[in-house]
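1. Okay, structure incoming, though there's no sequence with it:
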């Protein structure tokens, strides 16, 4: 359970919004919440999330581990602050007037935030994270993109969640593909697979495999990235197409 302040707000939320004062006494006035979070993010970017420990962050700043605990109560609290800071959303964005294009632009902003710090994908999102500044800013921007859509508030929040999950899933896939070894399957291997993946057992998949659209073998990185972009766009188009149908139903528009 997240530690709270005397106001009942989770400490991480209060710190992120500047409502929780830094310690005023002690020898470590050179520290701040911002410096600690920035140092932790630098470690995560360079070495991965597993490398982020209170000891490692303290060492990078030239302070003792106990000094950090005067600013952040636990590693979990530090991770919550890192998550929000890493998923930075611009404070002022001019979205297109067309809601379809506005949603695409909003999705792109969220996508670039994940791409900049992909380790964020390993952190859970929940009641605390949605109250943090950048989460609130992202939600407000997403709602702004849908201001002309005839949807209820809970439906708009649902759209934000669906698109956010779509974006996060594709960024995670990009990272996995970038880290994976290229597999060159020789003719003997292809023959062996064809004996178990047969048209009789998998009548719908086998034609797709035979066309080369299931297993991609030694594709240049540029071509692979183009494929990912096309499939990411397809998913987003499907979501937006569904919203267009819903809009037509609500407003009685004809296609």
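-> Everything's here; your move. All of these numbers come straight from a predicted model, not from anything done at the bench.
2. neighbours around the spatially closest residue to residue 228 that is not a sequence neighbour, how many?
-> Leaving aside its sequence neighbours, residue 228 sits nearest to residue 174 (CB to CB, 6 or more residues apart in numbering; 6.0 Å). In short, each C-beta sits where N, CA and C put it, glycine included. As a burial measure, residue 174 scores 19 neighbours (other CB atoms under 10 Å).
3. Same check on residue 37?
-> Neighbours of residue 37 under the rule other CB under 10 Å: 24.
4. now residue 40
-> Quick note: residue 40 (other CB under 10 Å) scores 28 neighbours.
5. returning to what we had before: just the pLDDT at the residue nearest to residue 228, thanks.
-> Looking at residue 174, its pLDDT reads 89.
6. cool, residue 224 as well?
-> pLDDT, residue 224: 52.
7. what's the answer for residue 212, then?
-> pLDDT at residue 212 comes out at 72.
8. Kindly report the same for residue 59.
-> So, for residue 59, pLDDT stands at 96.
9. My understanding was that residue 103 contacts residue 162; is that so?
-> No: in terms of CB atoms under 8 Å, residue 103 does not count as a neighbour of residue 162; the distance is 10.7 Å.
10. Who has more neighbours out of these two?
-> Legend: neighbour count by other CB under 10 Å for residue 103 and residue 162, higher for residue 103 (23 against 13).
11. The nearest residue to residue 105 once chain neighbours are set aside: neighbour count?
-> Spatially, and ignoring its direct neighbours in sequence, residue 105 is nearest to residue 95 (5.8 Å; CB to CB, 6+ apart). Residue 95 has 18 neighbours, counted by other CB under 10 Å.
12. doesn't residue 102 make contact with residue 95?
-> Yes: if you go by CB under 8 Å, residue 95 and residue 102 touch, sitting 4.1 Å apart.
13. shared neighbours of the two, which are they?
-> 144-145 (CB atoms under 8 Å, 6 or more residues apart in numbering).
14. top helix in the protein by residue count?
-> Longest helix in the chain, counting residues (DSSP state H): helix 221-251.
15. now it, how far from the centre of its chain.
-> Using CA atoms, centre = their mean, to the nearest Å, the mean C-alpha position of helix 221-251 is found 18 Å from that of the whole chain.
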